[in-house]
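Colleague: Okay, here's the prediction I keep looking at, along with the sequence it came from:
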Amino acid sequence: MNTVPKFSNGIESHHKRFDADEYSDIYVVGDVHGSRAALETLLSDLGLNDDDLVIFVGDLVRKGPDSPGVIDLVREDSRLISVRGNNEQKVVRGYKDPEWLRERDRAYFDSLPVVISFADALVVHGGVDPKQTLENHSVEELLTMRAPHGDGYNGPFWYESYDGPYRVFFGHTVHNRPVEREFAVGLDTGCVYGGMLTAYNYRHDEFITTDQTTTHQERDDSKVVHPA
């Protein structure tokens, strides 16, 4: 399937689509949260070529020690692009004004797409509501989706009943290991909390992870999902 997904509610202008045939390897990477050292390690492990593409699921920043460094790594390499995460959105909306923020960073966050798609894949930060059409989603829902018909980290989680047609790559909800389902791939493995930083190789259907990273922020185990 290579049907272009349709959005409304102002999202279409925040949707960027790539032609998968123009790239050799395509990687999707989980939440970095300012963990530049882990990101540098992962990118080194990927061994990128000039015709590869790396897509981040958002939340490049906040919580970790070097948000500006992560921003610069991603922004200055044409092979790297990110969707907007809820943490970037907090800065864009003025809800957060971190001390490390440079004016060009806010403009960069505002330029990030909310959705990236290629072939049969969607990349969003939070996820999608399986009971809604794509056209009915708002920007905030795509950024923060977790358990739209449940109770936060108690679930049930959106991906447990989502059955396509697109395969959705997402972050936002912290898991102790990657989520791999037919129509959903979860990549936030909590690197800022001492977990791994995870990438998914779309061409070869495999995960690439760093070793467990430095704990930059503590997180209660009740807010870490252990997927079945």
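Modeller: Happy to help now that I have it. Numbers count the residues shown, from 1 in each chain.

Colleague: Verify the stated contact: Arg62 with Val32.
Modeller: No. Using Cβ atoms under 8 Å, Arg62 is not in contact with Val32, being 10.0 Å away. Where C-beta positions appear, they are placed from N, C-alpha and C, glycine not excepted.

Colleague: So those two - more neighbours on which side?
Modeller: Between Arg62 and Val32, Val32 has the larger neighbour count (other Cβ atoms under 10 Å), namely 31 against 21.

Colleague: low pLDDT regions in this structure?
Modeller: In the predicted model, the chain carries pLDDT under 70 at residues 1-2.

Colleague: Please report how far the residue sitting furthest away from the middle of it lies from Val91.
Modeller: In the chain, the residue that sits farthest from the middle, by Cα atoms, centre = their mean, is Glu99; the gap is 23.6 Å. Glu99 sits 12 Å away from Val91, going by Cβ to Cβ, to the nearest Å.

Colleague: can you check Pro113 too?
Modeller: Per Cβ to Cβ, Pro113 is found 16 Å from Val91.

Colleague: mind listing the strands for the chain?
Modeller: Using DSSP state E, the strands of the chain run over 15-18, 26-29, 53-56, 80-82, 115-118, 121-123, 167-170, 179-180, 184-186, 198-201, 206-209.

Colleague: List the contacts of the last one.
Modeller: Going back to what we said before, that points to strand 206-209. Strand 206-209 has contacts (Cβ atoms under 8 Å, 6 or more residues apart in numbering) with 27, 42, 45-46, 178, 180, 189, 196-201.

Colleague: Flag every buried residue along that strand.
Modeller: Phe207, Ile208, Thr209 (16 or more other Cβ atoms under 10 Å).

Colleague: Quick check: closest non-adjacent residue to Ile81.
Modeller: Once flanking residues are discounted, Ile81 sits nearest to Ile55: 5.8 Å by Cβ to Cβ, 6 or more residues apart in numbering.

Colleague: Give the full set of residues in contact with the one you found.
Modeller: Ile55 neighbours (Cβ under 8 Å, 6+ apart): Ile26, Tyr27, Val28, Val29, Ile81, Ser82, Val83, Ile116, Val123, Phe169.

Colleague: thought the last one was touching Phe183?
Modeller: No. Under the criterion of Cβ under 8 Å, Phe169 lies out of contact with Phe183, with a separation of 10.4 Å.
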